[in-house]
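Asker: Pasting the sequence and the predicted model now:
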Amino acid sequence: NAGVMQNPRHLVRRRGQEARLRCSPMKGHSHVYWYRQLPEEGLKFMVYLQKENIIDESGMPKERFSAEFPKEGPSILRIQQVVRGDSAAYFCASSQPGHNQPQHFGDGTRLSIL
Amino acid sequence: KQEVTQIPAALSVPEGENLVLNCSFTDSAIYNLQWFRQDPGKGLTSLLLIQSSQREQTSGRLNASLDKSSGRSTLYIAASQPGDSATYLCAAEQTGANNLFFGTGTRLTVIP
């Protein structure tokens, strides 16, 4: 499958636990974006990464959230000490470098907090 | 800050009808305007990307137009089919930003 792969598809956590969401970009894509879709809301940008670099994290909450895109392996979005309000669908997208390059999206991870 | 709005929020049409989905954006300083389709429980599928220097793009039964000066884009779907039922999202890639600004979508139902 040459598409953007996200796992897990569904993740259930209790309040206070940690959530780790993984994203493998399309082959040949070096840019990764994370978006969050809250119920009944549009997708909101969280963070933009290139290999080993965070380029723009202006949409990321200041606390509990972090992201990385290591030299080897998938991009990881990490949420520490989850709260009910973190329940959402988290989407990863990847693209080739440059503007006007379409972003290709994965199927998302649905995070539910009990 | 870029604000993207889509009207209507939901639309139902009989099969075979032509339809238009609307998207408006507040800041015309964009690289491009993209249209996506989202099926329930799925990710987004890219449909069309219109660069800021272009007026329209076509793919099969889909035609998207862009009017930067008025801050509007439309997605025209010809001869709609039940398989077209989905939520359609538009998104603007704004100059100076590294991300897409999304509208909240139009949920389309095509009735057989």
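Answerer: Thanks, I have it.

Asker: Can you tell me which residues in chain B are near chain A?
Answerer: B:4, B:31-32, B:34, B:36, B:41-46, B:49, B:51, B:89, B:91, B:93, B:97-105 (C-beta under 8 Å from any C-beta of the partner chain). Placement of C-beta: from N, CA and C, glycine included.

Asker: Tell me which entries of those residues lie within strands.
Answerer: Among the residues of chain B next to chain A, DSSP state E puts B:4, B:31-32, B:34, B:36, B:44-46, B:49, B:51, B:89, B:91, B:93, B:100-102 in strands.

Asker: contacting residues for the residue of chain A found nearest chain B?
Answerer: Nearest to chain B in chain A, going by C-beta to the nearest C-beta, is A:Phe45, at a distance of 3.6 Å. Going by C-beta atoms under 8 Å, 6 or more residues apart in numbering or on different chains, A:Phe45 touches A:Tyr33, A:Trp34, A:Tyr35, A:Ser58, A:Gly59, B:Asn99, B:Leu100, B:Phe101.

Asker: Excluding chain neighbours, what is closest to it?
Answerer: Closest residue in space to A:Phe45, ignoring its immediate chain neighbours: B:Asn99 at 3.6 Å, by C-beta to C-beta, 6 or more residues apart in numbering or on different chains.

Asker: ok, the one you found - how many residues close by?
Answerer: 25 (other C-beta atoms under 10 Å in any protein chain shown).

Asker: What are the phi and psi values at it?
Answerer: Dihedral angles phi and psi of B:Asn99 (degrees, to the nearest 10) take the values phi -140, psi 170.

Asker: and if you look at the one 4 residues further on?
Answerer: As for B:Gly103, its main-chain torsions (degrees, to the nearest 10) stand at phi -80, psi 170.

Asker: Can you pull out the low-pLDDT segments for the chain?
Answerer: By default, I'm working from chain A. Along chain A, segments meeting pLDDT under 70 span A:1.

Asker: actually it's chain B I care about, not the one you picked
Answerer: For chain B (pLDDT under 70), the answer is none.

Asker: How about it: which residue is closest to chain A?
Answerer: Closest point on chain B to chain A, by C-beta to the nearest C-beta, is B:Asn99, at 3.6 Å.

Asker: residues touching that residue, list them.
Answerer: Contacts of B:Asn99 by C-beta under 8 Å, 6+ apart are A:Tyr33, A:Tyr35, A:Phe45, A:Tyr48, A:Asp56, A:Gly59, B:Glu93.

Asker: What's the PyMOL line that selects buried ones from the residues you listed?
Answerer: Isolation of the buried members of these (16 or more other C-beta atoms under 10 Å in any protein chain shown) is achieved in PyMOL through the command below:
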select buried, (chain A and resi 33+35+45+48+59) or (chain B and resi 93)
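
Asker: returning to what we had before: could the contacts of A:Phe45 go into a markdown table alongside distance to B:Ala78?
Answerer: Listed next are the contacts of A:Phe45 as a markdown table, based on distance: C-beta to C-beta, whole Å:
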| residue | distance to B:Ala78 |
| --- | --- |
| A:Tyr33 | 31 |
| A:Trp34 | 35 |
| A:Tyr35 | 30 |
| A:Ser58 | 39 |
| A:Gly59 | 36 |
| B:Asn99 | 31 |
| B:Leu100 | 26 |
| B:Phe101 | 28 |
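
Asker: which one is residue 18 nearest to, not counting chain neighbours?
Answerer: Since you didn't name a chain, this refers to chain A. In space, A:Glu18 is closest to A:Gln80, 5.2 Å off (C-beta to C-beta, 6+ apart).

Asker: Let me rephrase: I mean chain B.
Answerer: Closest to B:Asn18 by C-beta to C-beta, 6+ apart is B:Ala78, at 5.2 Å.
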